[in-house]
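Engineer: Sequence and computational prediction follow.
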Protein chains: 2
Amino acid sequence: MTVKIGLLGLGTVGTGTAHILLDPTGRNPLLQEISIGKVGVRSLDKSRQVQLAPGVITTDLEAVVNDPEIAIIVELLGGIEPARSLILQAIAQKKHVVTANKAVIARHGDEIYAAANDAGVYVLLEAAVGGGIPIIKPLKQSLGANRISSIIGIVNGTTNYILTKMTTAGANFTEVLIEAQKLGYAEADPTADVDGLDAADKIAILASLGFGGRVKREDVYCEGIRQVSAADITYADQLGFVIKLLAIAKGADGEISEQLQLRVHPTLVPKDHPLANINGVSNAVLVEGSPLGQVMFFGPGAGAGPTASAVVSDIMNIVAILKSSGLTETLDPLLSCVHQHFCQITPIEAINTRFYARFLTKDLPGVIGHLGTTFGNHEVSLESVVQIGFQEKLAEIVVVTHQVCEGNFRTALDEIRTLEAIDSIPSILRVL
Amino acid sequence: MTVKIGLLGLGTVGTGTAHILLDPTGRNPLLQEISIGKVGVRSLDKSRQVQLAPGVITTDLEAVVNDPEIAIIVELLGGIEPARSLILQAIAQKKHVVTANKAVIARHGDEIYAAANDAGVYVLLEAAVGGGIPIIKPLKQSLGANRISSIIGIVNGTTNYILTKMTTAGANFTEVLIEAQKLGYAEADPTADVDGLDAADKIAILASLGFGGRVKREDVYCEGIRQVSAADITYADQLGFVIKLLAIAKGADGEISEQLQLRVHPTLVPKDHPLANINGVSNAVLVEGSPLGQVMFFGPGAGAGPTASAVVSDIMNIVAILKSSGLTETLDPLLSCVHQHFCQITPIEAINTRFYARFLTKDLPGVIGHLGTTFGNHEVSLESVVQIGFQEKLAEIVVVTHQVCEGNFRTALDEIRTLEAIDSIPSILRVL
């Protein structure tokens, strides 16, 4: 007998998922034991690129969740509501859940996993991070022997496309964004992508898995890429870096600690770093741990096909468990979420990192001394101070620091801003 | 109650495995439910870098396998015997098996998995391919929704180190091999690595998982890197390629077919290909499928720590199943080996690929015409014929073909060898 699933949502990913399930030839034979019971959609009027038996498709989303023949609910609606309520309702009906919804898991994972553990069901979310790249399951099942020291990812394809295009074409953020919107790589309202919110959702999920504690989404420090200019990309290139939007979760250096850094920001990445060559809409996640060292997972971070591949792999995992062990009292501890405590997050002011900052100044000879003195007074040690050129009548100076405390660096900047000779500080970026 | 494991072998990987199990702090909490019951070694005289309770260590390997308190046997002896017999004996005792032994699985996987399926136990082997890189489990559990079209890997660290060093230092094979042996990257008898045998074992395993059929190890066509010269690396560079030892499993182009290509050989890889930048002892596996596209897994392919990470992840997976579903009649179809049929392998003569060949010739003007005519007579279409330079009194000509049938290319070469003007053909390499 086949296992029946209920699909919520029949957009690009929902359609991709249905395509795989309806055409199992040449794929894993387990797919032949899965069938689509019901599909819940918002409107019946749209034309669909998938052939479903009559009566399968409905606008009554709750009827899908409550159908007693359905064992697994696949939530592909996106957004917070009604996704959250439907997931909780499915769990209450003892149905397993597969979701691609990073936003709802990053914000309500706590509530959802508590309910799932009580009900004895799985909530799997491979598609929520990195599209088709297997990263959630490897983190849960393959890397647990390690003490994870960092997870660093390029996890948003839109911003990586924009930064790649700015780098190769020397173009500005706004023009590339408009082009990306035309190509369908960026949405009409690009906020979630370009302001780093989507990447923040994803690193919250990865951090929780890698560091074995719950993570509050609002604890992720987040800067987007709007402030990155073509000039910064050029100067970074001259210094041996490319600029990438990185999502970073990092334990305390060299020790086991509850303190975790969680941040998303544009970052200068050395050109020989594995993440420096991840271009276009591709995603990659680099995990470092002991005794493993570094492993990297690379692939398509979005798109109907890749995301559907991840969704179906989760469905297959649950079906494999149902077929082998049937219903048991205890969930597999490597597939369920067993975290009890919340990770303690290091405030952004307390982290140590390197900085790149670009200043526009008047009165050049005096100002380099002033910059050096002010940074020095706040224990900010400089690696280089270079006068790059002139913009109109202002001198352009680029400073790169050694590893410094972010709070000290900010205090120094506040003081520098008050200097007569400083016109403005157009960019402040971190260096990996 | 903890789950007891029996370790066979306490070399570098065995010691690394014991280190993780004896020091679980900061790692996945499931490790606290695993203990080392017995360790079987060849000699008690060696000094060991790991502290074990008295009576745990023994030279009686069968006593480890037969201990009724032990649920999982971890085979880290390497080689064919006694590894094969001990694995079969463990399975007969209904014990699960974790192994890092690619040689025994590639050659006797058939017998071992048949026995495991009969006994209802798992045989997991994440550490057998790609060291610490999660690749076996992702192929089994995360990519099954796809029609896999190819798996291409750099899966031998020794040869990748040698080729990288030959490329960066312009050195010859023999001198780099001697250096690699001094550094411990190559063994005193380097045959298994440099002749491609280790890579062939690994691609046989990956192909079986990715293409869902059994694979005979002797069906893997295999060429090593001894014939790769510094000159070829230089010419490849000028043509826009790097030379890598690739292990390739490939379905028929553009169609679902039982026909599989299985081959290991030095290959010219375009510099912008994801595998071109995998250097030193690192490994990487690129999997392509539909609807997924390309994903790549990158990391340390060998070493005590990375390999132990993979071994322990397998142990944890079995323990997680034992803790959640306990003993059931049916194995998880995504974790066990369910293949019944053997993949049909395309003979090497029948594959289509591009070639690079280097000729030493006398009488230059005539010979280019002869080469072109002979290749043309055998339907081998050429992309470029370049006279690179002179070696002593012989002209050096490099030919790159379009996609051609290997059999035709070989027949053409046989004819070319008989030409008066041809001195020798020092290298014949395939192009990705």
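Structural biologist: Perfect, I can see it now. Numbering: from 1, shown residues only, chains lettered A, B, ... in the order given.

Engineer: Which stretches in the stretch 251-400 of chain A count as strands?
Structural biologist: Using DSSP state E, counting those that start in this stretch, the strands of the stretch 251-400 of chain A run over A:259-270, A:282-290, A:293-300, A:344-345, A:352-361, A:382-391, A:394-401.

Engineer: on contacts alone, who are the packing partners of the fifth one?
Structural biologist: Using 3 or more CB pairs under 8 Å, 6 or more residues apart in numbering or on different chains; DSSP states H and E, the elements in contact with strand A:352-361 are helix A:230-239, helix A:364-377, strand A:382-391, strand A:394-401, strand A:404-405, helix A:406-417, strand A:422-431. For every residue, glycine as well, the C-beta is placed using N, CA and C.

Engineer: which one of those lies closest to chain B?
Structural biologist: helix A:230-239 (18.2 Å; CB to the nearest CB).

Engineer: interface residues of the stretch 51-200 of chain A facing chain B?
Structural biologist: Contacts of the stretch 51-200 of chain A with chain B, taken as CB under 8 Å from any CB of the partner chain, map to A:126, A:132-134, A:137-138, A:141-147.

Engineer: Can you tell me which of these is nearest A:S229?
Structural biologist: Of all these, the one with the least separation from A:S229 (CB to CB) is A:I133, at 30.1 Å.

Engineer: Which ones among the residues of the stretch 51-200 of chain A next to chain B lie within helices?
Structural biologist: Among those, the members found in helices (DSSP state H) are A:K137.

Engineer: could the residues of the stretch 51-200 of chain A next to chain B go into JSON lines alongside pLDDT?
Structural biologist: Output for those, formatted as JSON lines (pLDDT from 0 to 100):
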{"residue": "A:E126", "pLDDT": "97"}
{"residue": "A:G132", "pLDDT": "95"}
{"residue": "A:I133", "pLDDT": "97"}
{"residue": "A:P134", "pLDDT": "97"}
{"residue": "A:K137", "pLDDT": "96"}
{"residue": "A:P138", "pLDDT": "96"}
{"residue": "A:Q141", "pLDDT": "93"}
{"residue": "A:S142", "pLDDT": "96"}
{"residue": "A:L143", "pLDDT": "96"}
{"residue": "A:G144", "pLDDT": "94"}
{"residue": "A:A145", "pLDDT": "96"}
{"residue": "A:N146", "pLDDT": "96"}
{"residue": "A:R147", "pLDDT": "95"}
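
Engineer: Which one of the strands of the stretch 251-400 of chain A has the poorest average confidence?
Structural biologist: Ranked on mean pLDDT, the bottom entry among the strands of the stretch 251-400 of chain A is strand A:382-391, at a mean of 88.

Engineer: who does that one pair up with?
Structural biologist: Strand A:382-391 pairs in its sheet with strand A:394-401 (antiparallel), by DSSP bridges.

Engineer: Off-centre distance for the strand it pairs with?
Structural biologist: In terms of CA atoms, centre = their mean, to the nearest Å, the centre of strand A:394-401 is found 31 Å from the chain centre.

Engineer: partners of A:V98 in the sheet?
Structural biologist: Counting by DSSP bridges, A:V98 forms beta bridges with A:V74, A:L124.

Engineer: what residues are up against the closest residue to A:C337 other than its chain neighbours?
Structural biologist: Distances taken as CB to CB, 6 or more residues apart in numbering or on different chains place A:Y113 nearest to A:C337, at 4.0 Å, with adjacent residues excluded. Contact analysis of A:Y113 by CB atoms under 8 Å, 6 or more residues apart in numbering or on different chains lists A:V123, A:S336, A:C337, A:H339.

Engineer: And those, which is closest to A:H108?
Structural biologist: Using CB to CB, the contacts of A:Y113 come closest to A:H108 at A:V123, 10.8 Å.

Engineer: Next one, pLDDT for the closest one please.
Structural biologist: If you check A:V123, the pLDDT there is 97.

Engineer: about what we covered before: of the contacts of A:Y113, which is the most crowded?
Structural biologist: Taking other CB atoms under 10 Å in any protein chain shown as the neighbour criterion, A:V123 ranks highest of those with 26 neighbours.

Engineer: That one and A:H96 touch, don't they?
Structural biologist: Yes: A:V123 lies in contact with A:H96 (CB atoms under 8 Å); the separation is 7.4 Å.

Engineer: Any buried residues in stretch A:17-29, and which?
Structural biologist: Using 16 or more other CB atoms under 10 Å in any protein chain shown as the test for burial, stretch A:17-29 gives A:T17, A:A18, A:H19, A:I20, A:L21, A:P24, A:G26, A:R27, A:N28.

Engineer: and if you look at stretch A:413-429?
Structural biologist: Here stretch A:413-429 shows A:L413, A:E415, A:I416, A:L419, A:A421, A:I422, A:D423, A:I425, A:S427, A:I428, A:L429 as buried, counting by 16+ other CB under 10 Å.

Engineer: With distance to chain B as new columns, can those be given to me in JSON lines?
Structural biologist: JSON lines is the format used below for the buried residues of stretch A:413-429 (distance: CB to the nearest CB, whole Å):
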{"residue": "A:L413", "distance to chain B": "36"}
{"residue": "A:E415", "distance to chain B": "40"}
{"residue": "A:I416", "distance to chain B": "39"}
{"residue": "A:L419", "distance to chain B": "44"}
{"residue": "A:A421", "distance to chain B": "44"}
{"residue": "A:I422", "distance to chain B": "41"}
{"residue": "A:D423", "distance to chain B": "41"}
{"residue": "A:I425", "distance to chain B": "35"}
{"residue": "A:S427", "distance to chain B": "29"}
{"residue": "A:I428", "distance to chain B": "31"}
{"residue": "A:L429", "distance to chain B": "25"}
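
Engineer: Out of those residues, which is nearest to B:S384?
Structural biologist: For the buried residues of stretch A:413-429, the minimum distance to B:S384 (CB to CB) is 44.2 Å, reached by A:L429.

Engineer: now the angle from the top helix by length along chain A to strand B:293-300?
Structural biologist: With secondary structure taken from DSSP H, chain A has its longest helix at helix A:304-324. Per axes from the mean of the first three to the mean of the last three CA atoms, to 10 degrees, the angle that helix A:304-324 makes with strand B:293-300 is 70 degrees.

Engineer: now the angle between strand B:282-290 and helix A:304-324, please.
Structural biologist: 90 degrees.

Engineer: Return the backbone torsion pair for A:A18.
Structural biologist: Main-chain torsions, A:A18, degrees, to the nearest 10: phi -60, psi -40.

Engineer: Would you agree it is in contact with A:L10?
Structural biologist: Yes: contact criterion CB under 8 Å: A:A18 and A:L10 qualify, at 7.0 Å.

Engineer: overlap in contacts of those two?
Structural biologist: In contact with both A:A18 and A:L10: A:V39, A:V50, using CB under 8 Å, 6+ apart.

Engineer: any chance you could map the helices in the stretch 151-300 of chain A?
Structural biologist: Using DSSP state H, counting those that start in this stretch, the helices found in the stretch 151-300 of chain A span residues A:157-169, A:173-183, A:191-194, A:197-211, A:230-239.

Engineer: looking at the ones you listed, which is closest to A:I351?
Structural biologist: Proximity to A:I351 (CB to CB) singles out helix A:197-211 among the helices of the stretch 151-300 of chain A, at 14.4 Å.

Engineer: Packing partners of that closest one?
Structural biologist: If contacts are counted by 3+ CB pairs under 8 Å, 6+ apart, helix A:197-211 sits against helix A:102-119, helix A:136-137, strand A:147-154, strand A:221-222, strand A:241-251, strand A:259-270.

Engineer: Kindly recompute the last result at 7 Å.
Structural biologist: helix A:102-119, strand A:147-154, strand A:241-251, strand A:259-270 (3 or more CB pairs under 7 Å, 6 or more residues apart in numbering or on different chains; DSSP states H and E).
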